Every structure is written in structure tokens, then in C-alpha cells.
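**Q** Quick one, fold the following:
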Amino acid sequence: MKLLKQLWSWTGTFLVALVFALLIGIFIIQPYKVDGHSMDPTLYDKERMYVSKLPHTFSYMPDYGDIVIIDSRVDRTRTFKDDILENPLFQLIVNTTDRAFFVKRVIGKPGDTLEFKNHKVYRNGQALDEPYLNEQMNYESTQKWVVPEGHVFVMGDNRNHSEDSRMIGYIPLDHVIGKKIF
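**A** Presented below is the predicted three-dimensional model:
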């Protein structure tokens, strides 16, 4: 009987710890591993970082230049169920490797007009100073992008090898999963 009580105590402690770990990973902080070279030279393939989930939890608008994790599936609505199933603990259990999450830099916020000319990004008519870029951007377009309310425009630092808002479109604020903290 004493062994059964001890076993129950350990099980209860384990379950409480599991619930706390899930809550922290869903709402506060989460580890993330960079997959690919779209953020070179700022972040490298397989580099590990920690992401604050507070902007996602409280729907904060990220600042210009913030490095964020986005859900690139902009054609679908995100739910709380997504946040739970994308938690690293569940990912270990189900052993999935979903490539829908990208690491990008916030370039435009609601109301901004973005243009790509002279191998530079222009926000509201001003060329951006981007010291984090390793090479000149080879992309130019006559299109003007106006970021709609509740969305951001993101790009990778390796502009010539990045799938970003130029391809997938504006990112809804609820698809910004978190902000890099270290």
C-alpha cells in the first residue's frame, strides 16, 4: 500500500510538471531550430534560438527589424489547437517535421508601402538601411505593396534565397508565432 501511495505521488508530480512545461511552451517561451539558409548571415542552418511567445499570446505587433517565427500557411485560420499541437513536447511524441514555420525579419507593418527598386527595399519612400545583409538583393519589382491592417510583411536576410512575403503574401498577426529573444 505504501508503494502504491509513493507511485501515485510520483505520477501526480510528473503530470503537474508536464502541464507546466506545456503552458510555458504554448504561452511564454519556446526553443526553435533554424531550418535553412534564408536568414544567413544573421542566423545559420541548424542554429538554436529561443522565441518569446508573449507577442503571439497577447497579439502584440512586432517592431521593424524583429526576427520572428511565422506560420507560412497564411491561407488558413490558426486556432488554439494549432498552438497546442505545435508545442515541442507534442512534436516529440508525434515525431513530425512540419516545414511551415519560417524565421524572418519584420520589414513592414500595417499601412506601410513597400517597394523594391535599385536592389533595395523602400518603406514609405525611404530606402532601408540594412547592415545585416550579406549581399545585394537581386529582386526588383514595379509593384507597390501596401501592408493591410492586422498583418506584417517579412523577409529573410538572405534576400536572394528566401521564401518570404514576396512569395507567400502578407502574414496575419496571429501567424506570427513568436519573437527571437536569444
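**Q** Need the single longest strand in this structure, by residues.
**A** Secondary structure of the chain read by DSSP state E shows that its longest strand is strand 101-108.
**Q** That one pairs with which strands?
**A** Within its sheet, and counting by DSSP bridges, strand 101-108 is paired with strand 67-71 (antiparallel), strand 151-155 (antiparallel).
**Q** what residues does the first one touch?
**A** Applying CB atoms under 8 Å, 6 or more residues apart in numbering, the contact partners of strand 67-71 are 32, 39, 42-43, 51, 55, 62, 78, 82, 100-106, 152, 154, 171, 175-180. Every residue, glycine included, has its C-beta placed from N, CA and C.
**Q** and it, how far out from the chain's middle?
**A** 1 Å (CA atoms, centre = their mean, to the nearest Å).
**Q** Any stretches of this structure with poor pLDDT?
**A** 88-99 (pLDDT under 70).
**Q** Would you map the strands across it?
**A** For the chain, the strands defined by DSSP E cover 29-33, 48-52, 67-71, 101-108, 113-117, 120-123, 126-127, 141-146, 151-155, 171-172, 176-180.
**Q** Out of those, the one nearest Lys2 is which?
**A** Closest of the strands of the chain to Lys2 is strand 29-33, at 38.8 Å (criterion: CB to CB).
**Q** re the thing from before, just the buried residues of the contacts of strand 67-71.
**A** Among those, the ones that count as buried by 16 or more other CB atoms under 10 Å are 32, 39, 42-43, 51, 55, 62, 78, 82, 101-106, 152, 154, 171, 175-180.
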